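# One predicted model, sequence on top.
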Amino acid sequence: MKKLILPKEMKNSHIAFFMTAVVLFWIKTYTAYKIEFNLGIDNSLQQFLLFINPISSALFFFGLGLLFKKRAKMFIIITNFLLSFLLYANIVYYRFFNDFVTVPVLMQTKTNAGQLGDSALSLMSVFDILYFTDTALLIVLALKVFNKITETNRKPFKIVLLFSIAAFLFNLGLAEKDRPQLLSRSFDRAYLVKYLGAYNFTIYDIIQNIKSSSQRALADSSDITDVENYRKANYSQPNPAYFGKAKGMNVIYVSMESLQNFVIGYKLNGQEVTPFLNSLAHDNNTFYFDNFYHQTGQGKTSDAEFLMENSLYPMAQGSVFVNKAQNTYHASPAILKGHGYNSAVFHGNYKTFWNRNVMYKALGYDQFFDAEYYDMSEENTKNYGMKDKPFFSESMPMLKSLKQPFYTKFISLSNHFPFEMDPQDTDFPAGNFGDDVVNQYFQSAHYMDQALEQFFNDLKTSGLYDHTIVVLYGDHYGISENHDDAMAKVLGVDEITPTQSAALQRVPLYIHVPGVKGGIQHQVGGEVDVRPTVLHLLGIDTKDFMEFGSDLLSKQHRNFVLFRNGDFVSTDVSQLNEKCYQNATGELATGTPCKEIDEKVKTELDMSDEVVYKDLLRFYKPQGFTPINPQDYEYLSPKEKKSK
Ligand code: GP9
Ligand code: MN
């Protein structure tokens, strides 16, 4: 084979190989940004920053190779592979979560070993191999073209290092100009990637994580004072019309996987998707909240659980269940223990998934009925575990055996991405919106609705229904923004606007309270608000607890709901991606009507983060609360129970 003709000096030069690696990698990364990520580029400066942001990290990481006398090429190739792998991991993750991989997410992958596998595979394509083209090309070039490198000079390293630092500072300077306080007030990972690039984001994330673990070590009891004052100033008094109306009753929470509120009342070809939930909205003793939002971050289902039971916000990155399970919490099961309640979780997946077996002890759950308690045969399971119908029916005998009053939580699973059903489980037509995920969603939501109806019927037959509060909540969105085209068709609009996109973050919330007149409620609220609402119904005043929610039934219930990325929706205006909109028109607002709530939102997230990151509840004892010790709890399988 004829060798490529290159000037002799080039063939002998580390620098030429290095520069080739930098340019290829730069082009590849930029192409991936354009194809895979939706980073909300608003102006030409942002476009320019997106284009140049891979340079500094490519120069820096590949430049390290120049330190090696003999193995520079090998070092550059390995580094290229590792960085390409990081980019690809972000691509796959983004296809589902619309988000980027962080250190805590990687730790979760370890905890959930293999169980995320199914979903991950459906997000990959054979063409993805193209994201490693430059790695392959570098190997060929190293063997065939740059095969005579004799250079031993390390001087270029210093120059390259200087260039990479200069490139980074130039990049950061321009980014700060467009978005002041980019690094200090960042709730949104997409911003960091847009401005600084996927690789610099990872470095930033690693630094943040080191900072967070040292934060705990450095905190002391005086740190809780500010939070306590903030809490006192923002407490919503219980409404006397409802306070204690469910005193002593059992409590059942149902996490409805990925159920979004748009589906309630929706008709597909004239057929109701969720006939049971639609009728429940009009039940005499049920409050149905139709302006209620999820507030989850990367921890999804587990974040929703955390919000509902602690009335604290989940973490900006990673999940509390995995990263902060060693913290002290004053969660609902622990609070109710002091009022004679016995608590249990039902979930058709294994107890280590999402670190639940550790976290539930910190929350004070007495029992955890996990996959070991269910018939996990092939026909009963799909995707993440038990199908909802067998899950609820097999749970019934266990529920009935609990000592009353009980506080329980059921985590459903069937309505999970990619929403594919086994044919024998669905009698409902798929949608026809040109998008499989959206089309299938109607079938799996319908299946969940049937499972819930069956559960309610079983509760009635068991006699539990008349003295049990049932709280049903959609845990988070199921259909991400990647499916906006199909969702526009579903909603019958030309395109999904920012305010419509925010409205799609609504999830249904139902609170059934025997003997209390309910009704359809339009007040704006979020998952953080449910705990004070339910505890007040049970006759427990939450004013001494460090929580951030506002009782949905209180006359002082506040007028906004915030999201984990710092956005919010209030009764009149919404702040979305740092822009302020008028709710009535969906148009950008004039003046600064969002400013006041924006300040509150940022303060509240900061306060909650203080509590969670610094583990501040270990320094605080609410009045009348008996702290629990996680070590007192043990979740045995049925087999282990027998052999004890
Ligand atoms: C299952 C559940 C998975 O245990 O946590 O759901 P997700 O968090 O991906 O919605
Ligand atoms: Mn979920």
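Received, thanks. Ligands and ions are numbered 1, 2, ... in the order given.

# Against ligand 1, how distant is residue 341?
Applying Cβ to the nearest ligand atom, to the nearest Å, the value for residue 341 to ligand 1 is 24 Å. Every residue, glycine included, has its C-beta placed from N, CA and C.

# Look up which residues are beta-bridged to the nearest residue to that residue once chain neighbours are set aside.
Closest residue to residue 341 apart from its sequence neighbours, by Cβ to Cβ, 6 or more residues apart in numbering: residue 407 at 4.8 Å. Beta bridges link residue 407 to residue 251, residue 343 when assigned by DSSP bridges.

# so residue 407 touches residue 248, yeah?
No. Using Cβ atoms under 8 Å, residue 407 is not in contact with residue 248; the gap is 11.7 Å.

# okay, the two: which has more neighbours?
It is residue 407, of residue 407 and residue 248, that has more neighbours when counted by other Cβ atoms under 10 Å, with 28 against 13.

# hang on, the earlier thing: tell me which residues touch the residue nearest to residue 341, please.
250-251, 332-333, 336, 341-344 (Cβ atoms under 8 Å, 6 or more residues apart in numbering).

# In this protein, which residue sits nearest ligand 2?
As assessed by Cβ to the ion, ligand 2 sits closest to residue 301 within the chain, at 3.2 Å.

# What's the local residue count around that residue?
Residues near residue 301, counting by other Cβ under 10 Å: 24.

# ditto for residue 222
Residues lying near residue 222 (other Cβ under 10 Å) number 8.

# can you check the one 10 residues further on too?
Residues lying near residue 232 (other Cβ under 10 Å) number 10.

# quick one: it and residue 545, what's the gap?
From residue 232 over to residue 545 the distance is 11 Å, taken as Cβ to Cβ, to the nearest Å.

# again, but for residue 84
On the measure of Cβ to Cβ, residue 84 and residue 545 end up 48 Å apart.

# follow-up on the earlier one: do I have it right that the residue of the chain closest to ligand 2 meets residue 473?
No. Residue 301 is beyond contact range of residue 473, at 10.9 Å (criterion: Cβ under 8 Å).

# shared neighbours, those two?
Counting by Cβ under 8 Å, 6+ apart, the residues touching both residue 301 and residue 473 are residue 255.

# in stretch 495-506, what counts as buried?
496-506 (16 or more other Cβ atoms under 10 Å).

# Kindly indicate which of these lies nearest residue 322.
residue 505 (23.1 Å; Cβ to Cβ).

# mind checking pLDDT for that closest one?
Looking at residue 505, its pLDDT stands at 98.

# is it true that it touches residue 564?
No. Checked against Cβ under 8 Å, the pair residue 505 and residue 564 is beyond contact range at 10.7 Å.

# Output the below-cut-off pLDDT ranges for this structure.
For the chain, the stretches with pLDDT under 70 are 1-12, 108-118, 149-152, 184-187.

# Regarding residue 193, what are the backbone dihedral angles?
Main-chain dihedrals, residue 193, degrees, to the nearest 10: phi -70, psi -40.

# residues touching it, list them.
Contacts of residue 193 (Cβ under 8 Å, 6+ apart): 33, 37, 39, 100, 201.

# distance of the first one from residue 482?
The spacing between residue 33 and residue 482, counted by Cβ to Cβ, is 15 Å.

# between these two, which one's more packed in?
Taking neighbours as other Cβ under 10 Å, residue 33 and residue 482 compare with residue 33 leading, 22 against 16.

# Now for the residue nearest to that one when sequence neighbours are not counted, how many residues are close by?
In this structure, residue 33 finds its nearest non-sequential neighbour in residue 50, 5.8 Å apart by Cβ to Cβ, 6+ apart. Neighbourhood size, residue 50 [other Cβ under 10 Å]: 21.

# got the buried residues for the helix or strand where residue 50 lies?
For residue 50, the host element (DSSP states H and E) is helix 44-63. In terms of neighbour count (16+ other Cβ under 10 Å), helix 44-63 has its buried residues at 46, 49-50, 53-63.

# For that helix, name the packing helices and strands.
Secondary-structure packing of helix 44-63 (3 or more Cβ pairs under 8 Å, 6 or more residues apart in numbering; DSSP states H and E): helix 14-36, helix 72-97, helix 155-178, helix 189-196, helix 198-218.

# Which of those helices has the highest mean neighbour count?
helix 189-196 (a mean of 23; mean count of other Cβ atoms under 10 Å).

# interface residues of the protein facing ligand 2?
The chain comes close to ligand 2 at residues 257, 300-301, 475, as judged by Cβ under 5 Å from the ion.

# let's go with 6 Å and repeat that
Neighbours of ligand 2 within the chain, by Cβ under 6 Å from the ion: 257-258, 300-301, 475-476.

# how about the helices in the stretch 401-550 of the chain?
Counting by DSSP state H, counting those that start in this stretch, the stretch 401-550 of the chain has helices at residues 436-462, 484-491, 498-503, 530-537.

# residues making contact with the second one?
To tie it back to what came earlier, the one meant is helix 484-491. With contacts defined as Cβ under 8 Å, 6+ apart, helix 484-491 is touched by 262, 266, 431, 433-435, 437-439, 479, 494-496, 500-501, 504.

# show me the contacts for the spatially closest residue to residue 576 that is not a sequence neighbour.
Closest residue to residue 576 apart from its sequence neighbours, by Cβ to Cβ, 6+ apart: residue 498 at 4.7 Å. Residues in contact with residue 498 (Cβ under 8 Å, 6+ apart) are 574, 576-577, 579, 581, 586.

# Which single one of the residues you listed is nearest to residue 600?
In terms of Cβ to Cβ, no member of the contacts of residue 498 lies closer to residue 600 than residue 574, at 14.2 Å.

# what's the spacing between the closest one and residue 553?
Distance of residue 574 to residue 553, given as Cβ to Cβ: 23 Å.

# cool, residue 246 as well?
Distance check for residue 246 against residue 553: by Cβ to Cβ, it reads 12 Å.

# Next, show the common contact partners of these two.
Counting by Cβ under 8 Å, 6+ apart, the residues touching both residue 246 and residue 553 are residue 537.

# Contacts only, for residue 592.
Counting by Cβ under 8 Å, 6+ apart, residue 592 touches residue 580.

# And it, which helix or strand is it part of?
Counting by DSSP H and E, residue 592 is found in no helix or strand.

# Check the one 5 residues further on too.
Counting by DSSP H and E, the element that carries residue 597 is helix 595-614.

# Would you mind pulling the contact partners of the following helix or strand past that helix?
Next along the chain after helix 595-614, taking DSSP H and E as the criterion, comes helix 638-643. Contact with helix 638-643 is made by 372-373, as judged by Cβ under 8 Å, 6+ apart.

# do that again at 6 Å, thanks
residue 373 (Cβ atoms under 6 Å, 6 or more residues apart in numbering).

# so how far is it from its chain's centroid?
35 Å (Cα atoms, centre = their mean, to the nearest Å).
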